[in-house]
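Participant: Show me how the following folds:
(chains A and B)
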Amino acid sequence: MRPASVKEAAAKIMFAAAATISILAVALICVFLFANGVPAIAEIGLPEFLLGTTWKPNSGMYGIFPMIVGSIYVTAGAIIIGVPAGVACAIFLSRFASGKVASVLVPGIELLAGIPSVVYGFFGLMLVVPFIRNTMPSRGLSLLAAAFILGIMILPTIITVSKSALDAVPSKYYEGALALGATHERSVFRVLVPAAVSGIMAAIVLGVGRAIGETMAVVMVAGNQPIIPTSIFEGVRTMTSNIVLEMGYAADLHRGALIATGVVLFVFIMLITALFNAIKKNEVSR
Amino acid sequence: MNDNGAAVLPSKTEPSRTELDSLVSLEIEQELDSAFSKMEVNNLNLYYGEFHALKDVSLSFPKNEVTALIGPSGCGKSTLLKTLNRMNDLVVGCRVDGKITLDGEDAYRDISVNDLRRRVGMVFQQPNPFPMSVYDNIAFGPRTHGIKKHADLDEIVEQSLRRAAIWDELKDRLKKSALGLSGGQQQRLCIARALAVQPEVLLLDESTSALDPISTAKIEELVSELKNDYTVIMVTHNMMQALRVSDKTAFFLLGDMVEFGNTDELFTNPVDPRTADYVSGRFG
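Facilitator: I've put the predicted structure just below:
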């Protein structure tokens, strides 16, 4: 073999190995989760596990329904808070902000994405929780606090993905609208935003994925009671919180039930990823 | 107007002994002129940054006629067209000097830019229907200008599509996406969309250059009909098209308007040798 082709073959093997490692990691996580979680689910019983409303490991009751509901509530709250602000910010950055303003805001938003989640949690604990405690009939550690913090945490994802969708809309649509006598605002909101709507949907789905998987910040501000909350001012426990709170001391079936909670979370994330891919595929084929 | 149809620009005569007479006659001449001309361009200079893209251009576009702007690439013809509805406002560093009037009103001062663009419609080189239904494409303009009632919108949509000679092809797919249409249909849809806001002038910016010959022929035929109701100004690279469709032709070269006159005469008996070279295909 010529030296050049040896080099080429070596490079190929190296890159293939790197690719294999990441795939292998996903596969191993998958195997570990299901191998440890599924027997536990079988022992508890699938309906009791998914739909049981009592989580009392000491008494052998492993119903994670409150945690599933908690994850959904917290995520929905984060979407309600984060999506309008994020999409509005993306529209502003893409079509209204001057170059100077954007050059200050965009790095700021990137910074927001880089802040560790424990810092968000700390911010929530020191500012948001006391605020809720003092102004509402609540202990402060609540669904609302968790949703608010998560709403801020998903902003960078929603802003960046929505902004790139808006930036990608061909300028011919904008010019076409202006040429009909439409104002800048009308052209943006009635032509450009609808044209970017599938990209914005993808941004929201990614935000959902980020929110449902977030752990540290939520544990710090959510209160973590394993019961279904009846108001946004009550405490809530998510699936991720459930795992992180009890994994340290759990053993036997308790441990299995926590891993099984991870399985359920994993299935949620897979569904969200599939939805994201479907939206992206739909966008390409249009 | 002189006998070959070219517009006579008001000469800058100093008021003299016969001031009253000449001024009065000049005014009458101007009034007559503007009765026939829909848009006028007077001493227009346009710069893109340092680049002098249009040099002291003056011409008037006669009402209910088709005026073609021809010339090689980069001669300024598209720039002039985009100045007429202020689409050049979008270009950073673009500076406009001189006066453009629509029915005698200053297009840059007396008329709001959105109103100007409603009255002076534009069809672009690439068909650019919005990514929405055929119906919503046409209704976008009327809705922009405050028409909300369904019955009114339905009527405008039908009329506009009929005028653009595409109603029969599209009447059964009004709710379908406009992006599923062929290029020629899309371009006629864009013409219909421009007509839906009841413009007075229609600007066509090389609107057939992306289309096949059959679609091009359909649009040319359409333009010949549209001039009964609108003043049409078209930029074209295709000299045969200018000859087939237009009444007046202006020839541009490097930012100068070299010659302006009746299309037949400009093509068969050009005054300027540069025009002669261009229309006979010796360059460009």
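
Participant: check which helix or strand covers the residue of the stretch 51-200 of chain B found nearest chain A.
Facilitator: As assessed by C-beta to the nearest C-beta, chain A sits closest to B:R118 within the stretch 51-200 of chain B, at 3.3 Å. C-beta coordinates here come from the backbone N, C-alpha and C atoms, glycine included. Following DSSP states H and E, one finds B:R118 within helix B:113-119.

Participant: For that helix, which helices and strands make contact with it?
Facilitator: The helices and strands touching helix B:113-119, judged by 3 or more C-beta pairs under 8 Å, 6 or more residues apart in numbering or on different chains; DSSP states H and E, number zero.

Participant: So B:S60, which state does it fall into?
Facilitator: Using DSSP: H, G, I helix; E, B strand; the rest coil, the structure places B:S60 in strand.

Participant: Okay, strands next: where are they in the stretch 1-150 of chain A?
Facilitator: According to DSSP state E, counting those that start in this stretch, the stretch 1-150 of chain A carries its strands in the segments A:55-56, A:61-62.

Participant: Looking at these, which one is packed in the most?
Facilitator: Across the strands of the stretch 1-150 of chain A, averaging neighbours per residue (mean count of other C-beta atoms under 10 Å in any protein chain shown) puts strand A:61-62 on top, at a mean of 19.

Participant: who touches that strand?
Facilitator: Residues outside strand A:61-62 that contact it (C-beta atoms under 8 Å, 6 or more residues apart in numbering or on different chains) are A:40, A:44, A:48-49, A:52, A:54-55, A:253-254, A:257.

Participant: Specify the local secondary structure of the residue nearest to the spatial centre of chain A.
Facilitator: Nearest to the geometric centre of chain A sits A:R210, at 1.6 Å (C-alpha atoms, centre = their mean). Secondary structure, three-state DSSP: A:R210 is helix.

Participant: who are the neighbours in contact with it?
Facilitator: By C-beta under 8 Å, 6+ apart, the residues touching A:R210 are A:153-154, A:157.

Participant: circling back to that earlier point, list of residues touching the helix holding B:R118?
Facilitator: For helix B:113-119, contacts defined as C-beta under 8 Å, 6+ apart pick out A:178-183, B:85-87, B:89, B:102, B:107, B:111, B:141, B:145, B:197-201.

Participant: next one: stretch B:172-188
Facilitator: Applying C-beta under 8 Å, 6+ apart, the contact partners of stretch B:172-188 are A:286, B:123, B:127, B:129-135, B:137, B:157, B:164-166, B:169-170, B:189, B:207-208, B:210-212, B:214-216, B:218-219, B:222.

Participant: doesn't A:E234 make contact with A:M136?
Facilitator: No - A:M136 lies out of contact with A:E234 (C-beta atoms under 8 Å); the separation is 10.7 Å.

Participant: Those two: which has the busier surroundings?
Facilitator: Applying other C-beta atoms under 10 Å in any protein chain shown to A:M136 and A:E234 shows that A:E234 carries more neighbours, namely 18 against 14.

Participant: On the pLDDT front, check the more buried one for me.
Facilitator: Listed pLDDT for A:E234 reads 89.

Participant: go on, B:E27?
Facilitator: At B:E27, the model reports a pLDDT of 56.

Participant: do the same with A:M1
Facilitator: With respect to pLDDT, A:M1 scores 57.

Participant: A:I91: neighbouring residues, count only.
Facilitator: Residue neighbour count, defined by other C-beta under 10 Å, stands at 21 for A:I91.

Participant: Enumerate every residue touching it.
Facilitator: By C-beta under 8 Å, 6+ apart, the residues touching A:I91 are A:162, A:166, A:188-189, A:193.

Participant: Could you check how far it is from A:I158?
Facilitator: 12 Å (C-beta to C-beta, to the nearest Å).

Participant: all helices for the stretch 1-150 of chain B, in order.
Facilitator: B:19-36, B:77-84, B:113-119, B:134-144, B:150-163 (DSSP state H, counting those that start in this stretch).

Participant: What parts of the stretch 51-200 of chain A come near chain B?
Facilitator: Contact residues, the stretch 51-200 of chain A versus chain B (C-beta under 8 Å from any C-beta of the partner chain): A:170, A:172-173, A:175-183, A:186, A:190-191, A:194-195.

Participant: Buried members of the residues you listed into PyMOL, please.
Facilitator: Applied in PyMOL, the following selects the buried portion of those according to 16 or more other C-beta atoms under 10 Å in any protein chain shown:
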select buried, chain A and resi 173+175+176+177+178+179+180+181+182+186+190+191+194+195
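
Participant: from the residues of the stretch 51-200 of chain A next to chain B, which ones fall inside helices?
Facilitator: The helices, defined by DSSP state H, take in A:172-173, A:175-179, A:186, A:194-195 from these.

Participant: Between those residues, which sits nearest B:D152?
Facilitator: Nearest to B:D152 out of those is A:R186 (C-beta to C-beta; 18.8 Å).

Participant: and A:G63, how many neighbours does it have?
Facilitator: A:G63: 20 surrounding residues under other C-beta under 10 Å.

Participant: An error on my part: the question was meant for A:L111.
Facilitator: Close neighbours of A:L111, defined as other C-beta under 10 Å, add up to 10.

Participant: any idea how far chain B is from it?
Facilitator: Plainly put, A:L111 is 29 Å away from chain B if you go by C-beta to the nearest C-beta, to the nearest Å.

Participant: distance of that residue from A:L155?
Facilitator: A:L111 sits at a distance of 11 Å from A:L155 (criterion: C-beta to C-beta).

Participant: Please apply the same query to A:M201.
Facilitator: Taking C-beta to C-beta, one finds A:M201 at 17 Å from A:L155.

Participant: hang on, B:T249 is in a helix, isn't it?
Facilitator: No - applying three-state DSSP, one finds B:T249 to be strand, outside a helix.

Participant: residue contacts, it?
Facilitator: With contacts taken as C-beta under 8 Å, 6+ apart, B:T249 has the following neighbours: B:67-70, B:242, B:260-263, B:266-267.

Participant: Which positions are bridged to it in the beta structure?
Facilitator: B:A68, B:G261 (DSSP bridges).

Participant: number of nearby residues for B:F61?
Facilitator: Using other C-beta under 10 Å: B:F61 sits among 23 other residues.

Participant: Setting aside sequence neighbours, what's the nearest residue to it?
Facilitator: Closest residue to B:F61 apart from its sequence neighbours, by C-beta to C-beta, 6 or more residues apart in numbering or on different chains: B:M39 at 4.5 Å.

Participant: So which of the helices of the stretch 1-150 of chain B is nearest B:T275?
Facilitator: Distance to B:T275, taken as C-beta to C-beta, is lowest for helix B:77-84 among the helices of the stretch 1-150 of chain B, at 13.7 Å.

Participant: where does the closest residue to A:F96 other than its chain neighbours fall, helix, sheet strand or coil?
Facilitator: Nearest non-adjacent residue to A:F96, counting by C-beta to C-beta, 6+ apart: A:V188, 7.6 Å away. Following three-state DSSP, we place A:V188 in the helix state.
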